[in-house]
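>>> I'll drop the sequence and a predicted model, then ask my questions.
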Number of protein chains: 2
Amino acid sequence: MTVARARNYAGLSADERRLARRERLIEGAIRAYGELGYRNTTVKAVCEAAGLTERYFYESFANSEALLVAAFETVSRRVFTCLEDVRREHSGTAEERGHAVLRAYYQILKDDPDGARLFVIEIARVGPAVDAVWGALLLQFGEVLARMVAPDSDIKPKPGELVRAGVVGGVVQIAKEWIRSGYARSVDAVAADALKICRVLAA
Amino acid sequence: MTVARARNYAGLSADERRLARRERLIEGAIRAYGELGYRNTTVKAVCEAAGLTERYFYESFANSEALLVAAFETVSRRVFTCLEDVRREHSGTAEERGHAVLRAYYQILKDDPDGARLFVIEIARVGPAVDAVWGALLLQFGEVLARMVAPDSDIKPKPGELVRAGVVGGVVQIAKEWIRSGYARSVDAVAADALKICRVLAA
DNA sequence: GATTTCTGACACGTGGTATTGTCAGAATAA
DNA sequence: TTATTCTGACAATACCACGTGTCAGAAATC
């Protein structure tokens, strides 16, 4: 019985290599889900997109849903980081700021169609665990939208939870339709439409 | 080779019996989907809920999705008939009429939780064919909402397609959240929240 | 160069459901 | 009553993808 000593390959430790494969799987998953949809994407297909074999899938993820969640959170992090930056660094009226944040949101979706499909469409209704992640994100998104249109020095009575949920649902539905149309209209026009709905939060 | 002559059973012709079984399957499906969710509902489970065996499932439906669509359309017909009645027979301002229609919508969802879950939640993201049905319904719903808040004698520039889609998405999202909460708030309060979003269509 | 660890390809077993097939018995008509 | 059609229960098969196991060869250390 020899104890396995971790050995460097290509200058990387075993842990580093494992992590690198994990990242490749996530990126492969984003692409594969974008092309085929999560439902039609087998473990095998993801691994092929990542240039790895099934063996390594189970090294990093317990099952397909775990990878889906990881891929979703990767995209989610990118989006929210961007939105928060725009919101924080924007100097202007609440109206202008709202438009800027929404523009950023839809711009990201346009720039990365695969990620967009995963982030907006494929994530929904996969199973209880994934749905919980999606639900949490909708809440977070609601927070962003609410602060986005709130006048800076304003502590007003919160709009009801349901109204906020409804606004988020509207903004996301617009994204879905826009994606389905092949990004037919301009980012600016779409953001303007979405802003109309978001104004409900400021009233 | 004897030609099968249709024989009456329980006073019903072969066609009548077949149709009756079809109805039972649909009602069983609404209940089963409501309890278990479409994904977790096997053909066997539907048949048990209907008091029939698998044999009769394939007599009326090619596959699970076909039954799902049939069940959805059954519920859909009930809902739209009701909404149209309310809208048509309501005399009052656009504002009042809008509130009345929305109240009717959410009241139906509350009165039939199984149907509601199917109509609002379970139908989404099952597959391309079913998604098409769902997409068509959202359009139809958008029409109803638009006419609902439109001042009677008014032909104004249509709000953009995306805005309408967004409003529908908002109303439906509110329904989802409300259902998930176990119908925590009153129908009236929910309808009022939804109306806030629908007003975007009138602006 | 010898040895050990890592990698990638592939094949097999597994589980669960859809779908079809069979058949005995119940209900009906003659 | 007798023959025929319908009904419901159950068995058999098909199928699909997951998840695991095996193994030869590549890449590294000594």
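Cool, the structure landed. Numbers count the residues shown, from 1 in each chain, chains lettered A, B, ... in the order given.
>>> could you confirm whether the longest helix anywhere in chain A reaches DNA strand C?
Assignment by DSSP state H gives helix A:64-89 as the longest helix of chain A. No. Counting by CB under 7 Å from any atom of the strand, DNA strand C has no neighbours in helix A:64-89; the shortest distance is 14.0 Å. Glycine gets a C-beta too; all of them are placed from N, C-alpha and C.
>>> state the mean pLDDT of that helix.
Rounded to a whole number, the mean pLDDT of helix A:64-89 is 96.
>>> tell me if it is near DNA strand D.
Yes. Remark: helix A:64-89 sits within contact range of DNA strand D at residue A:64, by CB under 7 Å from any atom of the strand.
>>> and that helix, is it in reach of chain B?
No. Residues of helix A:64-89 are not located near chain B by CB under 8 Å from any CB of the partner chain, the shortest gap being 12.9 Å.
>>> roughly how far apart are the nearest residue in space to residue A:50 that is not next to it in sequence and DNA strand D?
The spatially closest residue to residue A:50, leaving aside those adjacent along the chain, is residue A:28, at 3.1 Å (CB to CB, 6 or more residues apart in numbering or on different chains). Taking CB to the nearest atom of the strand, to the nearest Å as the measure, residue A:28 and DNA strand D are separated by 14 Å.
>>> residue A:28 contacts residue A:47, correct?
Yes. Using CB atoms under 8 Å, residue A:28 is in contact with residue A:47, at 7.3 Å.
>>> would you mind listing what in chain A touches chain B?
So chain A meets chain B at A:39, A:121, A:124-125, A:127, A:160-163, A:165-174, A:176-178, A:185, A:189-190, A:193-194, A:196-197, A:199-200, A:203 (CB under 8 Å from any CB).
>>> other SSEs contacting the longest helix of chain A?
helix A:14-36, helix A:43-50, helix A:94-111, helix A:128-149 (3 or more CB pairs under 8 Å, 6 or more residues apart in numbering or on different chains; DSSP states H and E).
>>> show me what from chain A comes close to DNA strand D.
Residues of chain A lying near DNA strand D (CB under 7 Å from any atom of the strand): A:7-10, A:42-44, A:54-55, A:58, A:63-64.
>>> put the buried members of those residues into a PyMOL selection.
In PyMOL syntax, the buried subset of the residues of chain A next to DNA strand D is picked out as below (16 or more other CB atoms under 10 Å in any protein chain shown):
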select buried, chain A and resi 64
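>>> chain B: which of the residues of chain A next to DNA strand D is nearest?
Distance to chain B across those (CB to the nearest CB) is lowest for residue A:64, with 14.4 Å.
>>> sort the residues of chain A next to DNA strand D by pLDDT and name the bottom one.
Lowest pLDDT among the residues of chain A next to DNA strand D: residue A:7, 67.
>>> enumerate every residue touching the residue lying closest to residue A:165 once chain neighbours are set aside.
Once flanking residues are discounted, residue A:165 sits nearest to residue B:177: 4.4 Å by CB to CB, 6+ apart. Neighbour list for residue B:177: A:161-162, A:165 [criterion: CB atoms under 8 Å, 6 or more residues apart in numbering or on different chains].
>>> got TSV for the residues of chain A next to DNA strand D, with distance to residue B:74 too?
Converted to TSV, those look like this (distance: CB to CB, whole Å):
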residue	distance to residue B:74
A:7	64
A:8	64
A:9	60
A:10	61
A:42	34
A:43	37
A:44	39
A:54	43
A:55	48
A:58	43
A:63	35
A:64	33
